[in-house]
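Novice: got a predicted structure plus its sequence, pasted below:
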Amino acid sequence: MNRLSETGLAPVNCIAAPARAPLRLASLLACGSILAGVPSLAEAQTQPAAPAAQPAATPAPAPARTANTIRTISVVGAERLEATTILSYIRLRVGQEYTAAAADEAIKDLGATELFANSSIRNDGGNVVITVTENPVINRIVLEGNKRLKNDKIVPEIKLAPRQIFTRSKVRADVARIIELYKRQGRFAAKVEPKLVQLPQNRVDIVFEITEGPKSKVRQINILGNEKFSDGQLRGEFVTKQSRLTTFFSSNTSYDPDRLAFDQQKLRQFYLTEGYADFRVVSAVAELTPDQRDFIITYVVEEGERYTFGEVKVDSQLRDFDSEVMSTQLPMKEGDFYNAKTVEDTVEQLTELAGRFGYAFADVQPRFKRDPESRKMNVTFTLREAPRVYVERVDINGNTLTQDKVIRREFRLAEGDAFNSLAVQRTNARVNSLAYFQENFEVKQVEGSAPDRIILEANVEEKPTGELQFSAGFSSIEQFILAGSIRQRNFRGRGQTIGLSINYSQFSRSAQVSFSDPYIFDRNISGGIDIYRRDFNSFNFTGNDRNTTFQQATTGFSMRAGVPLTEYMSLVGSYTLNYDDVSLDETLFFSDLNGDGTTECDPLRAGRFLCDSIGKRLSSIVGLSLNYNSLNSRIRPSRGRTVSLSGEFAGLGGDVRYVRFRGRAQQFWNVGNSGFIFSLMAEGGTIIPLKDRPGAGVDDVLLTDRFFLGEPQFRGFAIRGVGPRILTQQSILNGVGQPTLDANGNPTYVTARDQVRDDAIGGRNYYLGRAELEIPLGSGARELGLRPSIWADVGALWGVETPVLTVNPGGNQQRNTDGQLLYSTGLCAAAGAVTTSPTQADGSANCRLIVGGTNLRELFLGNSPSPRVTAGIGVNWNSPFGPFRIDVSQTIRKVEGDDERRFTFNVGTQF
């Protein structure tokens, strides 16, 4: 026991200690060394007693501690981390021997945690002190100098975030990620320098100073080894383009390693579609130019020989398909040049065909047998046997607002139905058309509880369907436009649409409340109602000045209901009740024609067609339309067609009676995989009056019920610029204010279009056709919402009754001192005797005397079905201020009287 005191520990009488007295840990360790090898009390009771004469064994001495034995371990410098946490990262323990190697290992362990900026260990006579400097906490991350790549593109790639522990390795990794982003944008000279801004409480701001540098272009694309196709033809297959003036707006002229790999695949696909089955790309190298600004790409290729199809057949293991019959229906024939794309398309068609018959997991594999000597490629399409599959159940996941029934009713398959791949495709299209969920939604197919069972899963991600819009715009038609609307397209999650809209401009004002339900009472019947008030100011043009002619105020409502006839066809019935009030400005268009002080519409001021239109009337209209729609998207279709045939009958009560028919058809094609979208559209209409209106030259169809044609539906012409119209010309006055005469004694008139009053009076019949090719742009232009196109329009408007025209003075008629109207006994072109009688002795009309002596002439033009043709280029832009459309057009064919417009644009209105 004396040796224990030498070690600095108090002596402990382990044998004599009371049974219930507690021992300290150090005492127990000491006792442990002493009691090692001594049996427990229970063991002592079961062991035989030792011989009395045998002396007790001498206990082993405890090991002596040296100056390198670790007695204590302490941590200095910790602020956020507990000392015990820091000690858990290292392997040093009290009682171990302290060595330089153990200290180095502990330093490495602390460094591996990346929690400390610095750490050190010192040994003070067995008392080990670990000194640490903790890494700071990130307060915020700042990007500076980035103009081409905005924060929302860079921040998601940065792994560091506020309130994280700063580490140098993460900073280096983030710098590499940012540089990689710029490389993908073609900016290989981009540099990123991270800087730290020290803050109190061991916090830092991380600032990434970015120098973007110029965009590295592809200066040249070289192709070596090609003999069958020219360099230009092969370059046309690449997505990457050479930097030229013609590719100024393209984003594909920048160098991108991923695009380089994709171009190699495109090149291989091109040769395989041309029959070169042995083609391969030997190498593809991109080198920086000596000035370190651009890249030169060099491809080395081996074309090989051209193959033709040999024996082509189908080997079907499905009982519903006959191999011989299907072999005769294959698109490729023996002797045709080999085309890998045709083989891929055939595999898809056979898989789709098997899906129609319920084989959901049918496996179609093409087997190739190449004959290099004859250069023939034998292909066998194997349809492996698969069980007919049925839908076990339909699962809807992710819809938090939208009710399950809204999604399920768009499914073309139900539980228990035989699986059909076309029905799944149609389901995808219908759910996407709802626009309630993420784009490119697809039904997921999961194996069911048995081999012949399949589960259809609709994993949706809902997006906001409420819309609150306030917009202001300017158009060449209506000048300044203000509009506001609120709409919910998925009201209460039931798929219903409710909305309120208000529009105001210089020439029109409207307010409308609408509600629609595609499934009334959960039945496959659609319905809706609109209640509206519309105030419209019609107009004519005198040159470029727009003048209000008549005001039309319409108050009414419209109800509609529709039922589907087939998957793509529906029948819609409607009822509309309108109360119209058409009026003219009395100060401009009314005169005292009878001299009794009572004013009425003056045909010489307003035109007989306007005088015939004023009044209040009630229109009760019943309509029926047959619609067909197979478009792949309602917002921006790229394939499919839409056809609409409609008829309306006005006369179920009310003051007007007519029958109106309209038809419209449109087809979209996705031209290859290049992004070009070609469309054709044709529409037409006719209106047949069922009620006669008295008077010569008075059309039986009211002006407000006729068709009008022009901008924006017929590009290249002004609004209402096509079709029947009345041009009112003034006589040319001489120096004394009298009309000038030609050689025949007739007055001469102003014919310049910018000095003539132009009144469009509409027509009973019209047709309109359009061909348009939408041109794809680079990704940058697509992100801006730019969609240019080239187009051609053809159309006509005609069929109105020829109005009664006048060649009489207009303006304010002169009166004598008694207030009587004054007339001239001579021709209107010459001065005659002044009289108050409107007629001469022979019954011929005298000429009304006008202040200033101005004569007016009306010309009726444009009433012809002859086609008008225009062509041009246009750009759609989904700008931050609303949709924008600009068109530049050239008139190819027109009819006398039509009003052309070379340049038109609209902002803030639909186009």
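Specialist: Yes, it's here.

Novice: grab the nearest non-local neighbour of Ala561.
Specialist: Excluding the flanking residues, the one nearest Ala561 by Cβ to Cβ, 6 or more residues apart in numbering is Gly527, at 4.5 Å. C-beta: built from backbone N, CA, C; applies to glycine.

Novice: name every strand pairing with the host helix or strand of the one you found and say which way it goes.
Specialist: Under the criterion of DSSP states H and E, Gly527 resides in strand 526-542. Paired strands of strand 526-542, with direction, are strand 508-517 (antiparallel), strand 545-564 (antiparallel), strand 757-760 (antiparallel) (DSSP bridges).

Novice: dump these to TSV, plus mean pLDDT and distance to Leu288.
Specialist: Listed next are the strands paired with strand 526-542 as TSV, based on pLDDT from 0 to 100; distance: least, Cβ to Cβ, whole Å:
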stretch	mean pLDDT	distance to Leu288
strand 508-517	90	60
strand 545-564	83	60
strand 757-760	81	63
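
Novice: out of those, deepest packed?
Specialist: strand 757-760 (a mean of 23; mean count of other Cβ atoms under 10 Å).

Novice: downstream of that one, the next helix or strand is which one?
Specialist: That would be, after strand 757-760 and using DSSP H and E, strand 765-774.

Novice: mind listing what's buried in that next one?
Specialist: Residues of strand 765-774 classed as buried: Asn765, Tyr766, Tyr767, Leu768, Gly769, Arg770, Glu772, Glu774 (neighbour count, 16 or more other Cβ atoms under 10 Å).

Novice: try stretch 786-802
Specialist: In stretch 786-802, counting by 16+ other Cβ under 10 Å, buried: 786-789, 791-801.

Novice: same check on stretch 175-183?
Specialist: Val175, Ile178, Ile179, Leu181, Tyr182, Lys183.

Novice: how far away is Gln730 from Pro803?
Specialist: According to Cβ to Cβ, to the nearest Å, Gln730 stands 19 Å off from Pro803.

Novice: which one's more surrounded, the two?
Specialist: Pro803 (21 against 18; other Cβ atoms under 10 Å).

Novice: per-residue pLDDT, the more buried one?
Specialist: Looking at Pro803, its pLDDT is 80.

Novice: what of the one 10 residues further on?
Specialist: The per-residue pLDDT reported for Gln813 equals 51.

Novice: one more: Pro724?
Specialist: 93.

Novice: now do Phe361
Specialist: Looking at Phe361, its pLDDT reads 66.

Novice: hmm, Cys601 and Ile614 touching each other?
Specialist: Yes: using Cβ atoms under 8 Å, Ile614 makes contact with Cys601 at a distance of 6.3 Å.

Novice: can you say which helix or strand has Leu181 in it?
Specialist: Counting by DSSP H and E, Leu181 is found in helix 168-184.

Novice: contacts for that helix?
Specialist: Outside helix 168-184, the residues within contact range by Cβ atoms under 8 Å, 6 or more residues apart in numbering are 114, 148-149, 153-154, 157-160, 188, 190-192, 194, 206, 208, 210, 212-213, 256-258.

Novice: next secondary structure after that helix?
Specialist: strand 191-199.

Novice: pull the CA atoms of whichever helix or strand comes after that next one into CSV?
Specialist: Next along the chain after strand 191-199, taking DSSP H and E as the criterion, comes strand 203-211. Output of strand 203-211 as CSV, limited to C-alpha atoms (Å, rounded to 0.1, in the frame of the first residue of the first chain):
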residue,chain,number,x,y,z
ARG,A,203,-20.0,35.1,-38.6
VAL,A,204,-19.1,35.8,-42.2
ASP,A,205,-20.6,36.9,-45.4
ILE,A,206,-19.5,34.9,-48.5
VAL,A,207,-19.2,37.0,-51.6
PHE,A,208,-18.6,35.3,-55.0
GLU,A,209,-17.1,38.0,-57.3
ILE,A,210,-17.9,36.8,-60.8
THR,A,211,-16.1,37.9,-63.9
